[in-house]
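show me how the following folds:
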Amino acid sequence: MGQAVQLPFSVMHEHPPVTVSYRHALPDDAEEVVSLVQSAYRGNSSREGWTTEADLLEGQRTDVRAVRVAIEQTNSLVLLATLEGTTVGCCQLVDHGSVTDFGLFAVRPCLQGKTLGSALIAEAEHIARLEWSALTMRMKVIRQREELIAWYRRRGYQPTGEVEPFPYGDGEFVIPLRDDLEFVVLEKWIAQ
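Below you'll find the model as predicted:
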């Protein structure tokens with residue numbers, strides 16, 4: 001895994017700078033991952049950050065069973081970013097040979113906009129290259145999340161032109177608030 005990242009004083013408002021560490025999630029981490037993802041995207045707590053989907057969707061974004069499957073799957077890993085022993089960010093990587101899918105990305109709302117998300121995605125790219133020899137990182141983002149798509153584009157991710165339908169009626173707990181949701185696919189060449 002990559003090196004721990006030291007966040008600057010101005011970012012974390014602490015002195016001396018604090019260090020974010022990374023580790024692979026274990027099955028016992030599933031509940032904490034679900035709580036983190038839920039807080040970043042749904043409900044009132046998500047409005048503290050800028051990644052909220054609360055105006056597009058209600059309900060659960062994921063559940064403990066799905067996260068445990070992601071953790072235990074042989075071609076997948078869930079990466080945790082921790083700060084002084086507390087999980088502050090996460091993402092899932094899924095190996096498909098030369099392409100790695102990126103998802104389940106969340107940062108605690110109170111830490112969004114403070115370089116943690118950029119550091120976490122850079123670590124994910126590093127792991128995909130190092131552990132799986134990935135050439136490309138690929139993700140799906142809800143088309144209506146223009147600010148989030150712009151954030152990914154600033155980090156080198158570009159739309160492929162592919163669009164995927166939103167799974168209306170497939171989610172047991174997801175409640176769409178609009179009928180025009182769809183995903184755009186973004187990719188980045190990560191080989192060095």
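
so residue 41 makes contact with residue 106?
Yes: contact criterion CB atoms under 8 Å: residue 41 and residue 106 qualify, at 6.9 Å. C-beta coordinates here come from the backbone N, C-alpha and C atoms, glycine included.

quick check: phi and psi at the closest residue to residue 152 other than its chain neighbours.
Closest residue in space to residue 152, ignoring its immediate chain neighbours: residue 186 at 5.5 Å, by CB to CB, 6 or more residues apart in numbering. Dihedral angles phi and psi of residue 186 (degrees, to the nearest 10) take the values phi -120, psi 150.

which strands and helices lie in contact with whichever strand or helix holds residue 184?
Assigning secondary structure by DSSP states H and E places residue 184 in strand 182-189. If you count contacts as 3 or more CB pairs under 8 Å, 6 or more residues apart in numbering; DSSP states H and E, strand 182-189 packs onto strand 136-142, helix 146-154, strand 158-165.

list the buried ones in that strand?
For strand 182-189, burial by neighbour count (16 or more other CB atoms under 10 Å) applies to 183, 184, 185, 186, 187, 188.

how about the contacts made by residue 162?
184, 185 (CB atoms under 8 Å, 6 or more residues apart in numbering).
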